[in-house]
Every structure is written in C-alpha cells, then in structure tokens.
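Asker: can't give you the sequence, but here's the structure:
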C-alpha cells in the first residue's frame, strides 16, 4: 500500500508525486486557497496550464506557502502545459519563460505539450507543425534547465512514437483522459514499453465538465455519458472499504501505477481525494470494476479536427 508521499520515478530519475491537485476551471480567487489547503494537507504536486488562466494565482499561493515556511520550492512538483499557440514554431521558450514569471519560480518540474496541434494565437488558424518539430522545442527547454522533465498530453501512441524517433530527450510523462469508463489500456501499455509514466486526468469522470465555457463564452456540447460514481460495483466496493465512490475510482488508477490529479476547490473534497492511501483494491475488485466494459472518451477536443496532427482523427464520425 502506497503512502501519501508515494512517487513515480520518471525515466530521467526525477520523482513525481502520484497524486496532485488539478486546477482546470479553478478561478484565480478559488485556486489560491485551494492550493494552500492542498499543500498543508500533504499534496506536493500542483497541475496547471497556461490556458487555465490561473498560473499567476497559483504563483501567489506558492510564494505565500514558501514564505510561511510550510514547504520549500524543491519539495513541490509543479506541472504546467503549453497551449496550441505556445509551441507554434519558435515560440516555446518564450512561452515557458512567461509561465515561470507568472508562477514566480525558476523552473517547472514537468512541462507538457497540452495538445499535439499547433495553432496561431487566437486559434483561428491551424499550423501544420509536425509533432517531431514540436518535440524539438521541448528538448530545447529541457536542455536549457527550464523544466526538470518534459512530456505530452492528449497525444496518441503513433505521435509519441514519432517524437521518440527524433532521438532527443525522451518523453517523460503522458497526461491523458483516463478513468474507469475510459481505461486507456493500450496507451498505458505502450507508455510502459517506452518507459513513459502516465498521468490520468478526469479520473472521476469529470462531472464538472458540463459547466465549462470557452473564453468566447460559448458552452460545449457533451455527449451523454454514464456516471461511474454511480456504478453499482464502485458503490459496493466503497461500502466494503468504508470509502466514498470517488475514493474507489481514484484508488483504481493508483493501483494501476498511474499518477492522478483530481481537481477541487472545496477543502473537504481536497482532503477526501487525498485520503486514499489507507486501502488498496484486490485483483478481484479491479476485475469487478472493469466488468462495465464502457470505453467512452469524454474530451474529443473538437478544435483538433482537420489538423494534420489531430490525435483523435480515427475516433471522429
């Protein structure tokens, strides 16, 4: 059974905490208290992205925590991600330096290409920059010491293979949508074969996704999806362990050797999500959870459609 300080060792030796605080859709006001509460509760990994618009607030929280003596910078693991316009040709280093300025730190622990599809600044034009070229820029910021590790998010196996074939810095982490009803077995297997750690996002099935609005104010259409927190087997196993359904699905991902970044701005929920180290699931329980055989991607990232590097092209109708 892992402990609250459990880590995954990346292929370059960097240790990454297995559980972190996700901050997608967390406003600047909410995220300062969420980060401070999480770190005081034992979290050491904070996951953000430039497109979330909250790096500066997270930087404020980090600075306050360090000044208050709660934690040292080297004890924290900060992940951020470059949005589609930030890894357009020649732009990555400047983008990362901007993120570091907002976060008020000298380096990030993990820097990810948020998507594989480069665009112009307002996303009105797709830029046909192949993933090999995108990865060359990540190799550059890694070698410049601005990131302790580099990786990808929402890339498919074939794209990861092409980036690895460039023969530069290997991909250290792949962050993908992964939950009980979208278990990503092939991707996890592929990454394991190439010594790439995997981070699961939407581990709880992202019930809050339906509230998301684009910067334009538009809401997205979401396909109907079953709620895994209401799965009969999840509920039964939760009762058996005296845990909540959310804790069971988080533990499911941890027991598969993955890192998780559940998002919350509610103190009690932040605590609940972290309180998953005093039990583990048996092989029988894992099989029972996987009986559902549902395999539905929730985040189709429709803006990638038509791009030569659309990672999910084969899944689009």
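Answerer: Done, it's in. Note that the coordinates shown come from a computational prediction; the quantities given were computed from them, not determined experimentally. Numbering: from 1, shown residues only.
Asker: I figured residue 40 was touching residue 70, is that so?
Answerer: Yes - counting by CB atoms under 8 Å, residue 40 does reach residue 70; the two are 6.2 Å apart. Using the backbone N, CA and C atoms, a C-beta is placed for each residue, glycine as well.
Asker: just for the stretch 1-150 of the chain, where's the confidence low?
Answerer: Applying pLDDT under 70 to the stretch 1-150 of the chain flags residues 1-2.
Asker: Which parts of the chain are strands?
Answerer: In order along the chain, the chain carries the following strands (DSSP state E): 7-9, 15-17, 20-22, 45-47, 77-82, 110-113, 150-153, 173-177, 197-201, 259-260.
Asker: how about those in TSV, adding distance to residue 305 and mean neighbour count?
Answerer: Compiled in TSV, the strands of the chain are given as follows (distance: least, CB to CB, whole Å; neighbours: other CB atoms under 10 Å):
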stretch	distance to residue 305	mean neighbour count
strand 7-9	33	14
strand 15-17	32	20
strand 20-22	25	27
strand 45-47	26	25
strand 77-82	20	26
strand 110-113	18	27
strand 150-153	18	26
strand 173-177	17	23
strand 197-201	21	24
strand 259-260	28	28
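Asker: want to throw those into a markdown table with distance to residue 245?
Answerer: Formatted as a markdown table, the entries for these read as follows, by distance: least, CB to CB, whole Å:
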| stretch | distance to residue 245 |
| --- | --- |
| strand 7-9 | 25 |
| strand 15-17 | 23 |
| strand 20-22 | 18 |
| strand 45-47 | 22 |
| strand 77-82 | 26 |
| strand 110-113 | 29 |
| strand 150-153 | 26 |
| strand 173-177 | 19 |
| strand 197-201 | 16 |
| strand 259-260 | 15 |
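Asker: What ranges does this structure have for its helices?
Answerer: If you assign secondary structure with DSSP state H, the helices in the chain sit at 28-41, 55-67, 92-103, 131-143, 157-165, 185-193, 232-241, 245-255, 267-274, 283-289.
Asker: Can you tell me which of those helices is most buried?
Answerer: Here the criterion is mean neighbour count by mean count of other CB atoms under 10 Å, and of the helices of the chain the winner is helix 245-255, at a mean of 24.
Asker: for that one, packing partners?
Answerer: Judged by 3 or more CB pairs under 8 Å, 6 or more residues apart in numbering; DSSP states H and E, helix 245-255 is in contact with helix 232-241, strand 259-260, helix 267-274, helix 283-289.
Asker: what about that helix, average pLDDT?
Answerer: Averaging the model's pLDDT scores along helix 245-255 yields 98.
Asker: Kindly calculate the angle that that helix makes with strand 197-201.
Answerer: Going by axes from the mean of the first three to the mean of the last three CA atoms, to 10 degrees, helix 245-255 is angled at 170 degrees with respect to strand 197-201.
Asker: Helix 245-255 to helix 232-241, inter-axis angle?
Answerer: Using the same axes, to 10 degrees, helix 245-255 lies at 90 degrees relative to helix 232-241.
Asker: so where's the stretch 201-317 of the chain shaky on pLDDT?
Answerer: Checking the stretch 201-317 of the chain against pLDDT under 70 turns up 214-216.
Asker: Can you tell me what sits against stretch 279-297?
Answerer: Taking CB atoms under 8 Å, 6 or more residues apart in numbering as the criterion, the residues outside stretch 279-297 that touch it are 1-2, 177, 180-183, 223, 225-226, 228, 231, 233-234, 237, 241, 243, 248-249, 251-252, 254-256, 312, 315.
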